[in-house]
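Peer 1: pasting the structure only:
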């Protein structure tokens, strides 16, 4: 899943693709590098980010979605917290809603998912982007997230959403300390018990820099290490700014795992 941020303030590439033409060009480049999906976002959800008015979010993302659809891009995901943006994006040609705020209480977005048949990424976040990194706390981060996802999957099913529409994302960096993130990576295999595809977004994130000391754009090797680790533990969707190296790392892993042993 290649990332196309149409924002002025995303932590890694904010301001790079505000122009719709540049965003479309970037999406097509990521597709050429091997992206199977493109995730289009018009509101930064970095720690401390302020909300974006819905009309501004729509102004940013809709021309990009329409342009990519017209160019025959891979399936598109809309990265949004807002049902109005999700509905407009689906009408414009997106087919997945990547919901960073699946800790919501209002079910209008879930009803949209049910009625549209769209794919849905259910992501865990403690709090909201403006507050999520203010002393996040868990008794046991893995157990609490497993409970969260089981509860959300049950609620979605009760509303009539087909489980086949849903993937889960532990939300690395969203209301978690470095230690919480590392624990979740260590325990990723536990989430396969939920029988839903796991999406992992670790691309260039700050916890990688905390561990390695690397600047934002120098964290690709750290992200690839997490990618290979996660793939070996059942993760199947990788949201990344760096599609080409991610594809290469997974190609090598797949080649190693599929290589047959010589007969003795």
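Peer 2: It's in. Because the structure is a prediction, the values reported are computed rather than measured.
Peer 1: need the helices for the stretch 1-150 of the chain, in chain order.
Peer 2: Read by DSSP state H, counting those that start in this stretch, the stretch 1-150 of the chain holds these helices, from start to end of the chain: 20-32, 54-70, 83-92, 108-116, 141-159.
Peer 1: so how many other residues sit close to residue 254?
Peer 2: Residue neighbour count, defined by other Cβ atoms under 10 Å, stands at 11 for residue 254. C-beta coordinates here come from the backbone N, C-alpha and C atoms, glycine included.
Peer 1: mind checking which helix or strand it is in?
Peer 2: helix 243-258 (DSSP states H and E).
Peer 1: now that helix against helix 20-32, angle please.
Peer 2: Taking axes from the mean of the first three to the mean of the last three Cα atoms, to 10 degrees, helix 243-258 and helix 20-32 form an angle of 20 degrees between their directions.
Peer 1: a markdown table please, covering the helices of the stretch 1-150 of the chain and showing mean neighbour count and mean pLDDT.
Peer 2: Formatted as a markdown table, the entries for these read as follows, by neighbours: other Cβ atoms under 10 Å; pLDDT from 0 to 100:
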| stretch | mean neighbour count | mean pLDDT |
| --- | --- | --- |
| helix 20-32 | 19 | 95 |
| helix 54-70 | 19 | 96 |
| helix 83-92 | 21 | 98 |
| helix 108-116 | 18 | 98 |
| helix 141-159 | 16 | 97 |
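Peer 1: Correct me if wrong: residue 188 contacts residue 232.
Peer 2: No: contact criterion Cβ atoms under 8 Å: residue 188 and residue 232 do not qualify, at 9.1 Å.
Peer 1: neighbour count winner among the two?
Peer 2: Neighbours were counted for residue 188 and for residue 232 using other Cβ under 10 Å; residue 188 has more, 20 against 12.
Peer 1: Pull the contacting residues for residue 116.
Peer 2: The neighbours of residue 116, taking Cβ atoms under 8 Å, 6 or more residues apart in numbering as the test, are 87, 90.
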